[in-house]
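Undergrad: I'll drop the sequence and a predicted model, then ask my questions.
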Amino acid sequence: MSKGKIKRAASTLRALEGITFESCLDEGNHCYEINKWLIEVAMEVANKVGGIYTVIRSKVPTTKLEFGDNYIAVGPLNEAQVRTEVEIKEPEIGALRSTINAMRSQGIGVVYGNWLIEGYPQVVLFDLKTAMWRLGEWKGELWNTTHIGAPDMDFETNNSIVFGFLVTWFIGEFLHQLGSEPKYVISHFHEWNAGIGLIMARMRKLDVSTIFTTHATLLGRYLCAGHCDFYNNLDKFNLDKEAGDRGIYHRYCIERASAHCSHVFTTVSQITSYESDHLLKRKPDIITPNGLSVKKFSALHEFQNLHAISKEKINNFIRGHFYGHYDFDLDKTLYIFSAGRYEFSNKGVDMFIESLARLNHKLKSANSDMTVIAFLIFPTNTASFNVESLKGQAISKQLRETVQNLQNELGKRIYETCLKGDLPHGDNILRNEDIIELKKCVYTSIQRHGLPPICTHNVVDDSVDPILCALRKCQLFNNRYDRVKVIFHPEFLKSTSPLLAMDYEEFVRGCHMGVFPSYYEPWGYTPAECTVMGIPSITTNLSGFGCFMEEHITDPDTYGIYVVDRRFKSADESCEQLAQHLFDFSTLTRRQRIIQRNRTERLSELLDWNTLGIYYYKARQLALQRVHPELDENKLILLSNKLRYEKPVSEPPSPSASRSSTPHHFTEHEDSSSDEDDEEVKSLNSASSSRMLIINRTKSTENMLKDMNLKDE
């Protein structure tokens with residue numbers, strides 16, 4: 001498939017029911033004309049806690065292009081983060097200014113400003129402490145109207161109730177300040193802890209269209225953490241009992257009521273839709289996949305250059321970490337990693353470690369000269385850095401500085417000798433004192449009494465830590481004869497770290513593959529981030545990302561998206577499949593890996609919010625139509641000049657394909673099935689000396705996505 005077809009495939013996703021998404025992004029002009037507003041409500045607005053922060057933050061630029069200044073993000077005030085996240089000011093919009101002043105006059109702390117992110121959206125943040133005195137009153141109203149109670153000692157739920165009533169108050173007052181003229185206000189609520197605002201808006205019959213999005217069901221997370229056969233028993237759980245046994249019945253009621261009270265219910269993936277249908281007893285109206293704000297490079301070789309630069313930083317860390325045992329070739333070493341919240345089973349860490357042990361056996365049995373170094377980035381409680389890890393980096397740094405100083409001295413001596421008309425000889429260039437300095441550094445670097453540590457930090461209660469216990473059980477101890485080495489880094493990556501001084505994005509770019517064999521992953525931002533950076537990844541058909549890629553790509557393995565079957569295979573079969581994927585990847589040549597990274601990076605357009613934002617647009621339109629059915633025809637008339645397009649003859653019925661046109665897998669005797677890939681790497685040999693891989697893209701790889709039923713133009 002040509003690059004033009006890939007772009008048309010993404011364009012097909014951006015066009016639903018004759019509406020082309022780009023035509024909706026008019027800087028808010030249409031919203032100003034018809035007085036349409038979007039109020040987006042979440043606990044993670046300008047408040048980094050988890051994945052929803054990433055969703056909203058990355059989606060803002062596209063949302064602002066649609067709504068302009070008629071977009072308002074609402075969240076709780078986190079004083080520690082607001083100092084760096086928000087530029088505080090007073091609102092310029094009259095209705096918004098009057099609404100905030102009305103709430104302030106009642107003693108409510110309200111902060112208004114602009115979120116310091118791309119798009120510069122306006123945010124309204126409530127200081128929950130200033131309204132906590134009304135908690136008892138609002139709990140009573142919640143019980144009287146919905147029969148949902150909450151225990152006094154559940155502080156998170158108490159905060160959610162206060163926040164929800166403040167949001168309802170804000171929306172009601174804002175509607176009043178907008179006046180009697182026609183207005184169309186959409187309120188979008190994310191997750192159960194913002195759901196009280198939606199429930200009370202419906203109970204008070206506010207003239208607002210509501211959307212509720214669950215990014216992962218509350219009960220689903222708890223059930224999966226309990227090591228149950230979740231997906232095969234979804235229709236058998238006694239939901240009230242399961243929620244009650246875990247002490248979350250009141251939260252479960254809030255989430256379920258939010259889903260049923262909303263005009264439109266959405267979730268992030270097909271697998272979560274299946275889960276919501278059983279646990280929340282409502283099938284989502286629309287699937288709204290999570291996107292990313294994708295930065296496109298002007299030339300193909302740019303992201304390959306970034307990979308080479310970042311990989312060299314990881315190489316420096318590895319040289320220090322394995323001092324005394326550094327007997328493998330870094331040019332024949334692969335860096336793979338897994339990262340995320342420390343949920344040992346949900347994130348598939350147990351399966352990843354077991355597959356590493358199997359991969360180690362496969363590589364040794366095949367007499368492979370490849371070394372695989374696996375990083376596990378899962379933050380947990382630590383006491384300090386591992387002394388051996390720090391010592392290794394210090395020894396490596398000392399040797400590097402000694403050699404660099406010696407290089408400078410040798411250069412000066414050679415220069416001086418040549419100036420005198422003599423040719424340099426070994427004895428008058430490399431002196432005895434230089435050799436002595438080198439010997440001291442070398443002898444220090446090879447004298448290690450133990451094995452390289454499997455963990456960079458001293459973990460609290462390391463004897464019961466699940467990851468360390470699993471590594472010990474699988475006997476992954478970084479022995480010389482092991483072809484698979486492991487490094488557990490139990491902290492978030494930071495560029496200021498004395499060990500691995502890289503931030504997460506830079507580290508990902510330097511790796512060869514990300515491995516995320518999750519059992520419970522409603523979407524999966526980590527493999528998506530790998531994709532947009534051109535890094536192949538392994539995911540599962542129980543993650544939203546894996547399902548999305550399987551739906552839109554035939555034979556995703558060829559494009560660096562390996563999907564492990566954890567839904568219909570046993571745990572042992574899934575683990576073997578994962579180990580085989582890793583082994584097959586280790587057999588690829590360097591040239592094949594470069595081609596695969598090119599292919600992976602091209603998929604980034606499918607994950608861009610400019611592509612996936614159409615699903616949120618459709619959810620908002622559906623919510624408006626359900627509250628204002630009379631708008632149906634008028635809306636089409638209003639948008640007829642902008643948004644209605646005739647369907648082209650070749651338009652496919654859906655983004656799925658009717659036939660497969662993906663190139664076959666690499667074989668032992670070939671690097672690629674397409675001559676286009678040969679052209680992509682024609683400059684590789686000339687650039688390899690500087691480790692900066694410059695690849696000329698002349699045509700895209702054939703058959704990237706499913707054929708989409710589109711005819712060549």
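TA: That came through fine. Numbers count the residues shown, from 1 in each chain.
Undergrad: CA-only coordinates of stretch 615-632 in PDB, if you can.
TA: Listed next in PDB are the C-alpha coordinates belonging to stretch 615-632 (Å, rounded to 0.1, in the frame of the first residue of the first chain):
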ATOM      1  CA  TYR A 615     -15.200   9.800  17.900                       C
ATOM      2  CA  TYR A 616     -15.400  12.400  20.600                       C
ATOM      3  CA  TYR A 617     -17.100  14.800  18.100                       C
ATOM      4  CA  LYS A 618     -19.700  12.100  17.300                       C
ATOM      5  CA  ALA A 619     -20.400  11.500  21.000                       C
ATOM      6  CA  ARG A 620     -21.000  15.200  21.600                       C
ATOM      7  CA  GLN A 621     -23.300  15.400  18.500                       C
ATOM      8  CA  LEU A 622     -25.300  12.400  19.700                       C
ATOM      9  CA  ALA A 623     -25.700  13.900  23.200                       C
ATOM     10  CA  LEU A 624     -26.900  17.200  21.700                       C
ATOM     11  CA  GLN A 625     -29.400  15.400  19.500                       C
ATOM     12  CA  ARG A 626     -30.800  13.400  22.400                       C
ATOM     13  CA  VAL A 627     -31.400  16.500  24.500                       C
ATOM     14  CA  HIS A 628     -32.500  18.700  21.600                       C
ATOM     15  CA  PRO A 629     -34.100  16.400  19.100                       C
ATOM     16  CA  GLU A 630     -35.600  19.500  17.300                       C
ATOM     17  CA  LEU A 631     -32.000  20.400  16.400                       C
ATOM     18  CA  ASP A 632     -31.600  17.400  14.100                       C
END
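Undergrad: So which bits of that stretch are buried?
TA: 615-625, 627, 631 (16 or more other C-beta atoms under 10 Å). Any C-beta I mention is one placed from the backbone N, CA and C, and that applies to glycine too.
Undergrad: average pLDDT for that stretch?
TA: Averaged over stretch 615-632, pLDDT sits at 89.
Undergrad: Stretch 260-273 too?
TA: Stretch 260-273 carries an average pLDDT of 96.
Undergrad: just stretch 58-65 next, same as before
TA: In this model, stretch 58-65 carries a mean pLDDT of 94.
Undergrad: The residue most central in space within the chain and residue 358, how far apart?
TA: With distances taken as C-alpha atoms, centre = their mean, residue 525 lies nearest the centre of the chain, 2.1 Å away. Residue 525 sits at a distance of 27 Å from residue 358 (criterion: C-beta to C-beta, to the nearest Å).
Undergrad: Please apply the same query to residue 586.
TA: Distance of residue 586 to residue 358, computed by C-beta to C-beta: 12 Å.
Undergrad: The two: which is more packed in?
TA: Using other C-beta atoms under 10 Å as the criterion, residue 586 and residue 358 rank with residue 586 on top: 22 against 18.
Undergrad: Following element in sequence after the longest helix along the chain, please.
TA: Longest helix of the chain, by residue count under DSSP state H: helix 387-419. Reading on from helix 387-419 to the C-terminus, the next helix or strand found by DSSP states H and E is helix 426-429.
Undergrad: Not counting its own residues, what contacts that next one?
TA: 410, 413, 414, 417 (C-beta atoms under 8 Å, 6 or more residues apart in numbering).
Undergrad: Among those residues, the buried ones, what's the PyMOL command?
TA: Buried members of the contacts of helix 426-429, identified by 16+ other C-beta under 10 Å, are gathered into one PyMOL selection as follows:
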select buried, resi 413
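Undergrad: Okay, and residue 32 sits in which element?
TA: Residue-wise, residue 32 maps onto helix 29-34 under DSSP H and E.
Undergrad: Give the buried residues for that helix.
TA: For helix 29-34, by 16+ other C-beta under 10 Å, it's 30, 31.
Undergrad: what's the following helix or strand after it?
TA: That would be, after helix 29-34 and using DSSP H and E, strand 36-41.
Undergrad: Neighbouring strands - and their directions - for that following strand?
TA: strand 71-76 (parallel), strand 184-190 (parallel) (DSSP bridges).
Undergrad: want to try CSV for the contacts of helix 426-429, with distance to residue 182 as columns?
TA: Below are the contacts of helix 426-429 laid out as CSV (distance: C-beta to C-beta, whole Å):
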residue, distance to residue 182
410, 81
413, 85
414, 83
417, 89
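Undergrad: Just give me the closest of the contacts of helix 426-429 to residue 75.
TA: Nearest to residue 75 among the contacts of helix 426-429: residue 410, at 60.3 Å, using C-beta to C-beta.
Undergrad: where does the closest one sit relative to residue 397, distance-wise?
TA: Distance from residue 410 to residue 397, by C-beta to C-beta: 20 Å.
Undergrad: now residue 388
TA: On the measure of C-beta to C-beta, residue 388 and residue 397 end up 15 Å apart.
Undergrad: Counting neighbours, go ahead and name the busier of those two.
TA: residue 388 (17 against 13).
Undergrad: For that one, list the residues it contacts.
TA: By C-beta under 8 Å, 6+ apart, the neighbours of residue 388 are 450, 452, 453.
Undergrad: Give the other helices and strands that the helix holding residue 32 contacts.
TA: If you count contacts as 3 or more C-beta pairs under 8 Å, 6 or more residues apart in numbering; DSSP states H and E, helix 29-34 packs onto helix 631-639.
Undergrad: I'd like the average pLDDT over the helix holding residue 32.
TA: Averaging pLDDT along helix 29-34 gives 90.
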